[in-house]
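1. With the input below, show me the fold.
(4 chains)
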4 protein chains.
Amino acid sequence: MYNLKIDYAEGAHPAILDKLLETNFIQQNGYGSDEYTLEAQSILRSKINKPAAEIYFVSGGTQANLLVISALLRPHEAVISASTGHIYANETGAIEATGHKVIPIESKDGKITSTQIEQTLAQFQLRPHVVKPKVVYISNTTEFGTIYSESELQGISDCCKSNGLTLFMDGARLGHALTATNNDLTLEKIANLVDVFYIGATKNGALFGEAIIFSNPLCAVDFDYNLKQKGALLAKGRVLGIQFLSLFQDDLYFKLAKEANEMAMKLARACKDRGFTFLVEPMSNQIFPILPLSLIQRLQERFDFYVWRPINAEFAAVRLITSWTTDELMLDVFISMLEEE
Amino acid sequence: MYNLKIDYAEGAHPAILDKLLETNFIQQNGYGSDEYTLEAQSILRSKINKPAAEIYFVSGGTQANLLVISALLRPHEAVISASTGHIYANETGAIEATGHKVIPIESKDGKITSTQIEQTLAQFQLRPHVVKPKVVYISNTTEFGTIYSESELQGISDCCKSNGLTLFMDGARLGHALTATNNDLTLEKIANLVDVFYIGATKNGALFGEAIIFSNPLCAVDFDYNLKQKGALLAKGRVLGIQFLSLFQDDLYFKLAKEANEMAMKLARACKDRGFTFLVEPMSNQIFPILPLSLIQRLQERFDFYVWRPINAEFAAVRLITSWTTDELMLDVFISMLEEE
Amino acid sequence: MYNLKIDYAEGAHPAILDKLLETNFIQQNGYGSDEYTLEAQSILRSKINKPAAEIYFVSGGTQANLLVISALLRPHEAVISASTGHIYANETGAIEATGHKVIPIESKDGKITSTQIEQTLAQFQLRPHVVKPKVVYISNTTEFGTIYSESELQGISDCCKSNGLTLFMDGARLGHALTATNNDLTLEKIANLVDVFYIGATKNGALFGEAIIFSNPLCAVDFDYNLKQKGALLAKGRVLGIQFLSLFQDDLYFKLAKEANEMAMKLARACKDRGFTFLVEPMSNQIFPILPLSLIQRLQERFDFYVWRPINAEFAAVRLITSWTTDELMLDVFISMLEEE
Amino acid sequence: MYNLKIDYAEGAHPAILDKLLETNFIQQNGYGSDEYTLEAQSILRSKINKPAAEIYFVSGGTQANLLVISALLRPHEAVISASTGHIYANETGAIEATGHKVIPIESKDGKITSTQIEQTLAQFQLRPHVVKPKVVYISNTTEFGTIYSESELQGISDCCKSNGLTLFMDGARLGHALTATNNDLTLEKIANLVDVFYIGATKNGALFGEAIIFSNPLCAVDFDYNLKQKGALLAKGRVLGIQFLSLFQDDLYFKLAKEANEMAMKLARACKDRGFTFLVEPMSNQIFPILPLSLIQRLQERFDFYVWRPINAEFAAVRLITSWTTDELMLDVFISMLEEE
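-> Numbering: from 1, shown residues only, chains lettered A, B, ... in the order given. Now for the predicted structure:
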């Protein structure tokens, strides 16, 4: 069985393991004040052209989300998210466990619009009987593999600024977003448009790790305390620093994401060639083709993937996901099985 | 400057890095259902002779503490801890952030007694105006490097059983406790006397990692949800599984802890030989000699360590800590500086 | 301006004020162990024919909801509610502030069905990445003035039992539900079908007060602690006891609710006679007629009420609410204005 | 059995009940926007000479404490309190349930000093491994009936200002403090020295009620949301407004407190005359004489009071508490029993 179900089925890019070995016995300070972390932070600050940005490395996406959102909200405040957003749908109430409501905005493709945000604000006016929306959470790529364009993000950013909202982007797959075919965003543009975002490495080359970037440093006040309180502060912070250093000193991060996207696009083209449609237009390393149930059944004998949603009596949407480690030969097998149908 | 300040200044034991490299491209399931995790769990269950024990691997001690305690308590319930306990003194209110009071018991050496637990219960009788003590937290080794004897732990365990309390042992440095000179406990004995404990690897050979062991599986019901909710569930759980597999398949874990203790005992003997006393009797890899201020100042030119507490106008207690990576040659330098005094 | 906006615009039924005066200088124990509270609890236990029921009196509906739900859930568990439910829509994130997600079920009339509950359970299977539904919250009357029939409640109750869910009924307007025209439920039937419910008096005769009734006493274990912890334990519990004693020793509670319903039904009939339709079929003391905007504007010169929702360019739904104090003469004025239209 | 155990054994001052009756059928807005609340707020603002002060009325002391403290703290911040403080000792972890640690300062008489606050700050420097002290909580009178002098409060206030701390005074028995013999504080002076305080009426004339006064209005931003979220917003806010209006329009509040203090001083003088000492010097309506066990036993046949703490084999401290309703004839009985000893 070959994995097309998750993009974290293997370990790390060898450059990371090499760096771990090479630095292993060099004594370093704990808790993220090691030299690798400092250097990785410096590289990232320079890439976004924000010398005052505050940067923290943590272990995973749910952790990053709950840390950031709980730090940004007062008790009566809430976060707005797409109904498909990871914090609303797939994090076991992590945000609510910190005391805050997640306000869902209905979404078909994982994205939300500034208009929807305005409508939500209009619905939450009956003060003090309703929570006060304060943070907007978006993900890029979204949970459906879609991406935000610069103009869409600009619209959301403007809406947030004019309404006193803080904008937070979940970038668990930000590399895949920024190397997608139609993408016109960059790290620097994102840093200018959002208050805080993170760059996910768990799904793009690292053993684990997300780089939380407060491009608006006012949002980062006392964040170090929150990290410790929520159990997110690694004693050997070097392990995170080394990984981000390896991924960003030569843009390996973007190279890997691009490879993952290309693998997915190859699969997508094969599906299209065969006449299959998609639940959502394929853009990055997650694609959702709608396939005949009989084909799905045969594919499942060789490949592991999610059957996402039944479409009708004969078809279902599946999720296929690729990564920097995806074996093109296995994709060829998959494609040949498509063609047999 | 040589580090005697923390026992997490270096990376991992090479066996772990080798195993990471060796397994790197083997596809595995996510979230702790990989084969390395399963095998490591199986080895640990067999070491404690509890086939029904539930085992989870997490990234750090504060994370382990808040996960376990929040899972064991209802909202009005509280945890008892030594006033020196990590959860009371050094975790930025991590337990309180999950909604629970930590009830301190005054301690000089990091340990508490069954008598003190009974006294605490007697003080919390004015129901419903006080919290209900429900969990007892102890650490072994303690934050002062001291250890519990079997009879002491038996006493605490009996007290907990007869009072309906759940007993939880923080084993961030459990390896050092179980290889200390006067220790008469074992993993198996501990598993029989406590409901849940963890084996810390961050400070003994791993990049990071603590193995939470519910020897009483009733305490583990639905614990997987809590892991995800608190941001503690690594996508690539294999990274934790591989580390515990490497440390426990050949008892490397205990070998490393023993080495760390021996380094500390060498330092302790040198201090004693020179006539210095200790804040707390040295037992494991943390020792607290009371040294002249002038000597401390000279030592600080070559070594990094905590000055723990002023004793009088001329003396202060310091904390010296060793690990499996401590360089004996550097200890010899330290000792020669002691002798120059 | 006459109030048809809220059913808590006046004080208490005079019988309550009389009893407060009469008992004022009799010394009593604090915190709900006074003789009036004990007697009121005894009367209520007998009315539901559950001698083992546990009963607590609190000050308001949001308080009752957060107390009960936070006591029933472990950290990873969640409560299911209609999207129109008070806990989802109108309590400023009170449940989330105790750490728990409220899972909304889409509802047009304030009610949910056992089928919808089953569907929700089916959607929350991806353990441990989703919360675990554990409590079902329903309100009766609902936020739209609708009521549950015995067979509907039986269906929900059966669904909960077979799925290990706890059933909780918000009875902020339970008197109005049980005296509605088509109602076939009783306090005793409800006590048999739900685990816990409360009887609201704030909106039916009292200065304030809700009686939380754990007909399933297993759900009440240690609830007294929770009351104190959440700031809900009145020092002079007698104030609550006296109110419930006054309302229930002679069924004054039901008499007052019936009067409120009759006033609303009079308004509803007048609207129907005039040819107006309703957002939701009128059943109890809240009705939602759809009126012309011009009429609404004229009515607003004499009456205070909520314009609930625009329907089209010419019509909007309004909410009219009556209580035991509603002045029938003022309703006649209102009705005559309807007829002028 | 006559009550000297609690100062909330009776109902309300008749002036309050009269006002409830008199206003009962006048329609008012809900949730604290009624005219009685507005008038009471206006009177209190004028008494403290702070036109911009924000004032909220709530039901009880624990509720007031948790509302204020949770509104003032970010997640990693903590509140400093005397170890005898109500929030540390007697509120079932209410503050911790909102996510925050209460840092105890050892106290014998219920008071803390600016020096102790400075020492505490010095102990919480190991950022980010410790919570950040942010609010100082004091009670006046304290839980031992002692009071703060103006110079003591000035010292604490200065210390808070120079350290960026917010100062909060629990005034559950503020009336008793401000009418105590040696008191030199006033409402206005307090309003100038603290950021927020409350005036307790539950124990001084009301059925229930505490007036939270933000003399520093910056601390009150969005406080209304918090009130609703924590279940503290009464639908019929008029009930609170009427009580504070009755107590403060003619300074009835201070008259009642003075009477309570005089009753306690009469008891204290009798104890002193008989040669008994005190656990804490008597100052207000709570006194703690040290009496022979044999006398205590005889007194317990006629009077209900707390035996506070054993002193030695023959003596124990008791707590005697008086209120505005205490019957002087019963005190004479008590005193005559003292003299029989």
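
2. Leaving out chain neighbours, which residue sits closest to A:Leu320?
-> A:Leu4 (4.7 Å; C-beta to C-beta, 6 or more residues apart in numbering or on different chains). For the C-beta atoms, the positions are set from N, CA and C on the backbone; glycine is no exception.

3. I'd say that neighbour and A:Thr322 touch.
-> Yes - with contact defined as C-beta atoms under 8 Å, A:Leu4 reaches A:Thr322; the gap is 6.9 Å.

4. residues in contact with the residue nearest to A:Leu320?
-> A:Leu4 makes contacts with A:Phe303, A:Asp304, A:Phe305, A:Leu320, A:Ile321, A:Thr322, A:Thr326, A:Phe334, as judged by C-beta atoms under 8 Å, 6 or more residues apart in numbering or on different chains.

5. Touching the helix or strand where A:Cys160 lies from outside, list them.
-> A:Cys160 is part of helix A:150-162 when elements are defined by DSSP states H and E. With C-beta under 8 Å, 6+ apart as the test, helix A:150-162 has contacts from A:111-114, A:117-118, A:136, A:138, A:140, A:148, A:165-167, A:184-185, A:189-190, A:193-195.

6. so how far is it from its chain's centroid?
-> 19 Å (C-alpha atoms, centre = their mean, to the nearest Å).

7. quick one: buried residues of that helix?
-> A:Glu152, A:Leu153, A:Gln154, A:Gly155, A:Ile156, A:Ser157, A:Cys159, A:Cys160 (16 or more other C-beta atoms under 10 Å in any protein chain shown).

8. again with stretch A:179-187
-> Burial within stretch A:179-187, assessed by neighbour count using 16+ other C-beta under 10 Å, is assigned to A:Thr179, A:Ala180, A:Asn183, A:Leu185, A:Leu187.

9. What mean pLDDT does it get?
-> Per-residue pLDDT over stretch A:179-187 has a mean of 97.

10. Give me the distance from it to the chain's centre.
-> Chain-centre distance of stretch A:179-187: 14 Å, with C-alpha atoms, centre = their mean.

11. quick one: contacts of it?
-> A:47-48, A:140-141, A:147-150, A:153, A:177-178, A:199, A:254, A:257-258, A:261, A:265, A:283-284.

12. Only C-alpha atoms, please: export it in PDB.
-> Presented in PDB, the C-alpha positions along stretch A:179-187 are these (Å, rounded to 0.1, in the frame of the first residue of the first chain):
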ATOM      1  CA  THR A 179       4.600  27.600  -5.100                       C
ATOM      2  CA  ALA A 180       1.200  26.900  -6.600                       C
ATOM      3  CA  THR A 181       0.700  27.700 -10.200                       C
ATOM      4  CA  ASN A 182      -1.500  30.700  -9.900                       C
ATOM      5  CA  ASN A 183      -0.100  32.100  -6.700                       C
ATOM      6  CA  ASP A 184       0.900  35.800  -6.700                       C
ATOM      7  CA  LEU A 185       1.700  36.100  -3.000                       C
ATOM      8  CA  THR A 186       5.200  36.000  -1.300                       C
ATOM      9  CA  LEU A 187       6.300  35.700   2.300                       C
END
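
13. Got phi/psi on the closest residue to A:Leu44 other than its chain neighbours?
-> Spatially, and ignoring its direct neighbours in sequence, A:Leu44 is nearest to A:Ile55 (5.6 Å; C-beta to C-beta, 6+ apart). When read as degrees, to the nearest 10, the backbone of A:Ile55 gives phi -130, psi 130.

14. What residues are bridge-paired with A:Ile55?
-> Beta-bridge partners recorded for A:Ile55 (DSSP bridges): A:Ile213.

15. how many other residues sit next to it?
-> Number of residues near A:Ile55 (other C-beta atoms under 10 Å in any protein chain shown) recorded here: 25.

16. A:Ala211 is in contact with that one, correct?
-> Yes - look at A:Ile55 against A:Ala211 with C-beta under 8 Å: they come within range, at 6.1 Å.

17. buried ones in the stretch of helix or strand A:Leu227 belongs to?
-> Assessed by DSSP H and E, A:Leu227 sits inside helix A:223-229. Neighbour counts over helix A:223-229 (16+ other C-beta under 10 Å) mark A:Phe223, A:Asp224, A:Tyr225, A:Asn226, A:Leu227, A:Lys228, A:Gln229 as buried.

18. for stretch A:318-327, same thing?
-> In stretch A:318-327, counting by 16+ other C-beta under 10 Å, buried: A:Val318, A:Arg319, A:Leu320, A:Ile321, A:Thr322, A:Ser323, A:Trp324, A:Thr325, A:Thr326.

19. again, but for stretch A:323-341
-> Using 16+ other C-beta under 10 Å as the test for burial, stretch A:323-341 gives A:Ser323, A:Trp324, A:Thr325, A:Thr326, A:Leu331, A:Phe334, A:Ile335, A:Met337, A:Leu338.

20. what's the distance between the host helix or strand of the fifth one and the middle of its chain?
-> According to DSSP H and E, A:Leu331 maps onto helix A:328-340. Averaging C-alpha coordinates over helix A:328-340 and over its chain gives two centres that are 28 Å apart (C-alpha atoms, centre = their mean).

21. quick one: is it near chain B?
-> No - Helix A:328-340 lies out of reach of chain B by C-beta under 8 Å from any C-beta of the partner chain, never closer than 10.3 Å.

22. list the helices and strands that helix packs on?
-> strand A:2-3, helix A:252-273, helix A:293-299 (3 or more C-beta pairs under 8 Å, 6 or more residues apart in numbering or on different chains; DSSP states H and E).

23. what is the mean pLDDT for that helix?
-> For helix A:328-340, the per-residue pLDDT averages 94.

24. Would you map out the domains in chain A?
-> Domain assignment for chain A by automatic domain parsing gives A:2-7+A:253-340, A:14-251.

25. which of the ones you listed is buried the deepest?
-> Burial of the domains of chain A is given as mean neighbour count (mean count of other C-beta atoms under 10 Å in any protein chain shown); domain A:14-251 ranks first at a mean of 22.

26. Give me the distance between the two termini of that domain.
-> 15 Å (C-alpha to C-alpha, to the nearest Å).

27. Report the distance from stretch A:284-297 to the chain centre.
-> With C-alpha atoms, centre = their mean as the basis, stretch A:284-297 stands 22 Å off its chain's centre.

28. Quick check: closest non-adjacent residue to whichever residue of the stretch 151-300 of chain A sits closest to chain B.
-> In the stretch 151-300 of chain A, the residue that lies nearest chain B is A:Gly231 (3.1 Å; C-beta to the nearest C-beta). Beyond its immediate neighbours in the sequence, the residue positioned closest to A:Gly231 (C-beta to C-beta, 6+ apart) is B:Gln63, lying 3.1 Å away.
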